[in-house]
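# Okay, sequence plus prediction incoming.
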Amino acid sequence: MVYTFIINTLLPGSSKIIYYKHFVPYDVDIVDESTTAADVRTGRRKRRQEIADMVHSEYQFRRSVANRSVEEDVLRLGNDDTLPDLETGHILLDCDSEQFVTWMGAGYTGFALVCDKTENRLLAESVLRLLIRYLQEHVRVLTQVTDIGLRTDRVGLVLSRFLPQGTLLFMNNRVVRQFEKELDTLMKT
């Protein structure tokens, strides 16, 4: 089960969340009767920002160790429109938490899936890579980061195809091609 999908900036400085999608209803987070919906929203907002900051920090660290610049990725995207080499990682959230984060980043954009601790990490990574590929194709998420807010319906369509209701699907090439055809049809309408 995927709890949350997050797109955030990876610019130097602080990270900003550009898009997020929760797949778990609010009533799951209500622990007792004194917890209100506003408390749940505030808690989720803080948690999303913490996750985005962790991804940002990991990405910046790996970039500095690898001695690669962000401009190389941006140039690669501009020249041949292929995905750059994505920095990838997994972060285990708090010791008492039953969640982990699979994240990828390239250029100025980071992506994260907050998953249940029992989920397959390789499957989460594979699905996230597919999401990034189709988000780049249909939304230009890596090259036109500022336009994501204007195209949330397209982001939602991609998520609904490849991550339906937060479920990680095992997909072979035939299934991916079928989803791709359905997505192309939906994008044209």
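Okay, I see it. It should be emphasised that the depicted structure is a prediction, and the values quoted were computed from it without experimental measurement.

# what's the longest helix in the protein?
The longest helix of the chain (DSSP state H) is helix 37-66.

# Tell me what L113 is bridged to.
F5, T102 (DSSP bridges).

# got a pLDDT number for it?
At L113, the model reports a pLDDT of 97.

# distance of it from I148?
Using CB to CB, to the nearest Å, L113 is found at 17 Å from I148. C-beta here means a position set from N, CA and C on the backbone, and glycine is covered the same way.

# now do V24
According to CB to CB, V24 and I148 sit 22 Å apart.

# Of those two, which one has the most company?
Shown here are V24 and I148; by other CB atoms under 10 Å, I148 has more neighbours (18 against 15).

# Phi, psi for the more buried one please.
When read as degrees, to the nearest 10, the backbone of I148 gives phi -60, psi -40.

# same check, this time on the one 10 residues further on
Its backbone dihedrals place V158 at phi -60, psi -40, with angles given as degrees, to the nearest 10.

# do L169 as well
phi -100, psi 140.

# May I ask which helix or strand of the chain has the lowest mean pLDDT?
Across the helices and strands of the chain, the lowest-confidence element by mean pLDDT, DSSP states H and E is helix 70-80, at a mean of 68.

# Downstream of that one, the next helix or strand is which one?
Counting by DSSP states H and E, the next helix or strand C-terminal to helix 70-80 is strand 87-92.

# What are the buried residues along that following strand?
87-89, 91 (16 or more other CB atoms under 10 Å).

# Count the residues that sit near the residue nearest to S69 when sequence neighbours are not counted.
Nearest residue to S69 in three dimensions, chain neighbours excluded: R63, at 7.7 Å (CB to CB, 6 or more residues apart in numbering). Neighbour count for R63, taken as other CB under 10 Å: 16.

# can you check the one 4 residues further on too?
Counted with other CB under 10 Å, the burial measure for N67 works out to 6 neighbours.

# got it, and T167?
T167: 10 surrounding residues under other CB under 10 Å.

# Just the pLDDT at it, thanks.
Listed pLDDT for T167 reads 94.

# ok, it touching L113?
No: judged on CB atoms under 8 Å, T167 makes no contact with L113 at a distance of 11.7 Å.

# Now do the shared contacts for the two.
Overlap of the contact sets of T167 and L113 (by CB atoms under 8 Å, 6 or more residues apart in numbering) consists of V2.

# How about the contacts made by H22?
Counting by CB under 8 Å, 6+ apart, H22 makes contact with 3-4, 44.

# and the direction of the longest helix of the chain versus that of strand 87-92, what angle?
Here helix 37-66 runs at an angle of 130 degrees relative to strand 87-92 (axes from the mean of the first three to the mean of the last three CA atoms, to 10 degrees).
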